[in-house]
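Engineer: give me a 3D structure for the following:
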Amino acid sequence: MKEKKHDTRWMVSVALMAAIVIVLANTPLGMIQLPIIKATTVHIPVIIGAVLLGPSAGAILGFVFGMCSMISNTMAPTLLSFAFSPFMSTTGIPGALKAIWISVGCRILIGVAAGWLWILLSKLKVNQVIALPIVGFVGSMVNTITVMGSIYLLFAQQYAEAKDVAVTAVWGLVMGTVTASGIPEAIAAAVLVLALGKVLIQVFKKMNINIVSA
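Structural biologist: Below is the predicted model of the structure:
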């Protein structure tokens, strides 16, 4: 599929989706506070935006999500905020750069991965009822796996100290988070991306907004 030129309606649509991300990120529905980490549903509009408007829009929305996460972890820090905010770094500039990657870089990957997966499934002529939940599930897992994987690889020692456990126990704790939070988030994303995406695809087509589709 040839990439269509981004017109004014595309840019307005991205801006509207970004506004939704910002609103969700600043409400209890967007970032649910847990004892150690903030479970999120903010990735859902990122995934839907990537489906409707392409990987580049998904990257922009992921960036907005990441910035919201960084600000949230700076203004209302938790035990793991050192991994999401460069201003909460306990290891100086190296730690700050790692935090930027986790809070922003990993979130950009959500939109990029979801957008290109949707294009692939569209090219393979996969039915939307099947493709949408697949993209929702995978996009959400990209968020969980890249974030928690990066925390394990980059901040294992600090994570162990925050949890008051041995470094050798960090892998089990990370996998526990993936299982307890990541999988339920991914299932919810699959359902919501299907429900919302199906409707919005038709709305965008009627409004003649450039969308990525088969």
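Engineer: make it CA atoms for all contacts and neighbour counts henceforth
Structural biologist: OK.
Engineer: wait, I102 sits on A83?
Structural biologist: Yes. Proximity of I102 to A83 meets the contact threshold set by C-alpha atoms under 8 Å, at 6.8 Å.
Engineer: which residues are in contact with the residue nearest to G66 when sequence neighbours are not counted?
Structural biologist: The spatial neighbour of G66 that comes closest, neighbours along the chain excluded (C-alpha to C-alpha, 6 or more residues apart in numbering), is V104 at 4.0 Å. Residues near V104 by C-alpha atoms under 8 Å, 6 or more residues apart in numbering: G62, F63, F65, G66, M67, S69, M70.
Engineer: could you do G149 as well?
Structural biologist: For G149, the contact set (C-alpha under 8 Å, 6+ apart) comprises V174.
Engineer: distance check, I71 against V64.
Structural biologist: According to C-alpha to C-alpha, to the nearest Å, I71 and V64 sit 11 Å apart.
Engineer: how near is the residue nearest to G66 to A156?
Structural biologist: V104 is 19 Å from A156, by C-alpha to C-alpha.
Engineer: with adjacent residues omitted, what lies nearest to Q157?
Structural biologist: In space, and not counting its chain neighbours, Q157 is closest to V167: 5.9 Å by C-alpha to C-alpha, 6+ apart.
Engineer: pLDDT at that neighbour, what is it?
Structural biologist: On pLDDT, V167 comes in at 89.
Engineer: hang on, isn't it packed against Y152?
Structural biologist: No. Counting by C-alpha under 8 Å, V167 sits too far from Y152 to count as a contact (9.7 Å).
Engineer: for these two, indicate the residue with more neighbours.
Structural biologist: Shown here are V167 and Y152; by other C-alpha atoms under 10 Å, Y152 has more neighbours (20 against 15).
Engineer: in contact with the more buried one, which residues?
Structural biologist: Y159, V170, W171, V174.
Engineer: name the element C106 belongs to?
Structural biologist: C106 belongs to helix 106-123 when elements are defined using DSSP states H and E.
Engineer: what average pLDDT does that helix get?
Structural biologist: Averaged across helix 106-123, pLDDT comes to 96.
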